[in-house]
Each structure stands twice: as C-alpha cells, then as structure tokens.
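S.K.: kindly return the folded structure for what I paste below:
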Amino acid sequence: MQEIIETLVNWTTDLEFWYDIGIALAIFLGFVIFRKIFTKYIFKIITRFTSKTKAQIFHKVLLAFERPLRAFFIFLGLYIAYVSLEFSGDFITIPRQFFRTAIIVLITWGLINLSSTTSVLFEQIHRRLNIQVDAILIPFLSKVLKFIIVAISLSVIAQEWGYDVNGFVAGLGIGGLAIAFAAKESLGNLLGGVVIIIERPFSIGDWIQTPSVEGVVEDINFRSTQVRTFADSLVTVPNATISNEAITNWSRMRKRRITFNLGLTYNTPRNKIKTCVERIRTMIREHEGVHPEFIVVNFDRYNSSSLDLLIYFFTITTSWEKYLTIKEEINLKILEILEEENVDVAFPSTSVYMETQSESYEKSDLSERTTIEHNDEAQDRHHDNNDDDQTGQPEGERG
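M.R.: Numbers count the residues shown, from 1 in each chain. Okay, here's the model as predicted:
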C-alpha cells in the first residue's frame, strides 16, 4: 500500500504523467464524439435499411442492442484511455476485470431487451413450421428466457472474479430438499403455471369463470394469474388454485344461447297461440344474427297463471354487446307480433272469490232444512221398527 502511495506521489510531480493524462482524456473524448456520430447517423442508416428488408429479426436485434452499444463506447473509451497510461500489476488487472464485467452486463442487457420482443421469433416459427404459439406462452417463455440469461451472466461474472461456481451449484443440490419444503407453495404455483401453459384452458384476453373469480385474463407469471373483473378490479389468483378449479372459458363459445319462457294469458284462444308460435318461429329463423342450426319455439306448458311458450335459439356472434343488441331486436319484434294478434302477456296473479251475506244465510237455511228432513225420516223408520217388534214373532212362526 505504501508503494502505491509513493507511486502516486511521484506521478503528481512528473510532467510526463500529466502529458499522459491529457492523451487519455483526448482518447476518451474521441470515443464520446464517435458515439454521438455513430448513434445519430450510422446506426439510424443501418436500422432504416434493415427495416425495409425481410430480415425483421436482424432489425429487432439492432434495436435491442442500441442502448448497450451507446454504453459500450463509453466503457471502451475509458478502458483504452486507462491502458494508454501504461500501468502495470494490479493497476491494469483490476480495470481489465471491470471492463470484462461491463461487457458481460451490456450483452446481458441487450439479450434481455431482445427476449422482450421474442414475438417476432415465434411468428417466424409459426410461419415456417406451422406451430401455433399461444398468447400466454410468449410472455411466459420470455420471462423464463430472461431468468436463464441473468443466471448465466451472474455465473460468468462470478468466474471472472475468481469465485468457484461449481461449489455453489453443489451447495444448491445439497440444500435443494430443504428449499423445496420451505417453498412448497411457490413450487406448487410454478407447477400450476406450467400446467396452464401446457393444457391452455385459457389465453390472455379470454373471459373465464371459476369458483373463485370471473373476468378477463390480463397476465400469467410464475406465481399467479391476474384477472380483470367486470367491476374493473384486478384479482390475483395463485396458479396452484386456478389450475385445480373448474374453468369455464366463455370466450371459446362457438355461439351464444338465448332462452326464455313467454307467458300468455289463459283467455288466449287456441288459434291465436298457434299463430303467435308460427310467426315468432319464422321471425327468429329469418333474423341474420341468429344461428340457423337449432331454433325452438313451442307451446310448452300450462303454468299456474299463464300459458308458456318456450323460446330457445343461439346467436352467431359471441360478443356480449352484439348479443344484447340481437336479443333486444328479437324481444321488440315479439312484442310487435303480440300487439298485432291482440294477445296479452300474462303476469303472476291470484283469483279470490268472495260470498255476500245473503248468500251465506240462504246456504245456512238450506242446510238446516235438509237436516230437519233427515231427522223426520229417521223418526218414521224408528216407529215402523217398533210396530214390527210389538207383533211378537215373525210371520212365519205365527198361529
């Protein structure tokens, strides 16, 4: 340490040292000026040329490494300026390690930027190999790729500074079991995310419904899936939970169902019911927004307060707004048909029959007279039986 201090003191009193410092500063400023010229003119010309060609991947690579290239000229200028001072020993070894570390960091930076635009790569794979790439798979693989890039970069930097990476990996293997038990829930969520990626029960942008959440899928990561509800709140569901639940994917409907019962009043004539059924069935079948495969319009049942028509069909569109528009149009046309046929729609009702006081008196008098007549007849039968008993024995045994 004392030798280094003495060396620095000698340099400060040496005019040749200041001359070398001036040359080093000039070299650094030269690289700074070249960096501005390169990024302002040369790089723009190259990117403009590659954007017009079919090699879109090369264009994306250039855009991903644009900022790392700018930083690279700064580090390169600093390193060459420092080397021009002709140091030796630790004065040159440590800066060389810093420069190599900076190069690794800049390459990692560019690769991370490139992994964020991997959709171009997947489009090329889909176009050439006809392999379908799901919207969930792209961001998930992008995050996995970023993790791998960062892990490899850290191991290379550790080796650059003399650390034993093999011993670290061996230590991870020994402590892997303990980590697995400690992070059981995290591993479960990770495996749940892998199951979602492989089975693909939904994609980003799909409307799903589970026992725990209903809404539109916004993102899926290593731990959880984010769902935007229809109340505009963001719900984060662990992957282990959502992968073990029954998932209804409403976005994958091929058509959308409309079904309801239309109740008519009980005083509706039979021919009117038949006419309404036929006209409603024809109207629905001719509607351009209705799927023609399955249409049901029938007189279904006798309800407690109405005669029910069953109406059952599907719309071609699955969009909620268009679905509601078609449903509204058909409901209005049904009302129009009922108005033209002078048929009323029933509503739940109860009939109550009341008796007047005079009617109740008449009924009570009638019941009393009926009771007296029954009593008189019973007394007459009783007297006749007594007369038979007074004659003694039956006729067959007389005399």
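S.K.: touching whichever strand or helix holds Ile273 from outside, list them.
M.R.: Assigned by DSSP states H and E, Ile273 belongs to helix 270-286. Helix 270-286 has contacts (CB atoms under 8 Å, 6 or more residues apart in numbering) with 264, 290, 292, 295, 297-299, 307, 309, 311, 313, 330, 333-334, 337-338, 341-343. Every residue, glycine included, has its C-beta placed from N, CA and C.
S.K.: equivalent analysis for stretch 239-248, please.
M.R.: 185, 188-193, 195-196, 201-202, 208-213, 220, 222-225.
S.K.: please apply the same query to stretch 144-155.
M.R.: Residues outside stretch 144-155 that contact it (CB under 8 Å, 6+ apart): 104-105, 107-108, 111-112, 115-116, 118, 165.
S.K.: next, work out how far apart Phe202 and Val237 are.
M.R.: Separation of Phe202 from Val237 (CB to CB, to the nearest Å): 12 Å.
S.K.: those two: which has the busier surroundings?
M.R.: Phe202 (26 against 20; other CB atoms under 10 Å).
S.K.: find me the pLDDT at that one, would you?
M.R.: If you check Phe202, the pLDDT there is 87.
S.K.: quick one: contacts for it?
M.R.: Phe202 makes contact with 136, 196, 208, 217, 247, 249, 251, according to CB under 8 Å, 6+ apart.
S.K.: most neighbours among those residues, which one?
M.R.: Val217 (24 neighbours).
S.K.: show me where the stretch 151-300 of the chain has its strands.
M.R.: 207-209, 214-220, 224-228, 234-238, 248-249, 256-264, 296-302 (DSSP state E, counting those that start in this stretch).
S.K.: return the list of strands paired to the fifth one, each annotated with direction.
M.R.: The partner list of strand 248-249 in its sheet, established with DSSP bridges, is strand 207-209 (antiparallel).
S.K.: pull the residues that contact the strand it pairs with.
M.R.: Strand 207-209 has contacts (CB under 8 Å, 6+ apart) with 201-202, 214-217, 227, 247-251.
S.K.: then stretch 332-351?
M.R.: 262-266, 268, 272-273, 275-276, 279-280, 283, 303-307, 311.
S.K.: residue ranges with poor pLDDT in the stretch 101-250 of the chain?
M.R.: Along the stretch 101-250 of the chain, the parts satisfying pLDDT under 70 run over 117-140, 164-187.
S.K.: how deep is Lys272 tucked in, by neighbour count?
M.R.: Other residues close to Lys272 by other CB under 10 Å number 15.
S.K.: cool, Lys44 as well?
M.R.: The number of residues packed near Lys44 is 12, by other CB under 10 Å.
S.K.: how close does it sit to Lys36?
M.R.: In this view, Lys44 and Lys36 are 12 Å apart by CB to CB.
S.K.: Glu321 now?
M.R.: Using CB to CB, Glu321 is found at 52 Å from Lys36.
S.K.: of these two, who's got more company?
M.R.: Applying other CB under 10 Å to Glu321 and Lys36 shows that Lys36 carries more neighbours, namely 12 against 7.
S.K.: tell me the secondary structure for that one?
M.R.: helix (DSSP: H, G, I helix; E, B strand; the rest coil).
S.K.: and the gap between it and Glu199?
M.R.: Distance, Lys36 to Glu199, using CB to CB: 52 Å.
S.K.: swap in Thr229?
M.R.: From Thr229 to Glu199 the distance is 23 Å (CB to CB).
S.K.: swap in Lys274?
M.R.: In this view, Lys274 and Glu199 are 50 Å apart by CB to CB.
S.K.: all helices for the stretch 101-250 of the chain, in order.
M.R.: With helices called from DSSP state H, counting those that start in this stretch, the stretch 101-250 of the chain shows them at 119-129, 137-160, 165-174, 176-182, 184-199, 239-242.
S.K.: got the CA coordinates for the shortest one in CSV?
M.R.: Yep, that's helix 239-242 we're talking about. Only the C-alpha atoms of helix 239-242 are listed here, as CSV (Å, rounded to 0.1, in the frame of the first residue of the first chain):
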residue,chain,number,x,y,z
ASN,A,239,-51.7,-20.7,-10.2
ALA,A,240,-52.0,-23.7,-7.8
THR,A,241,-55.5,-22.6,-7.0
ILE,A,242,-56.8,-21.8,-10.5
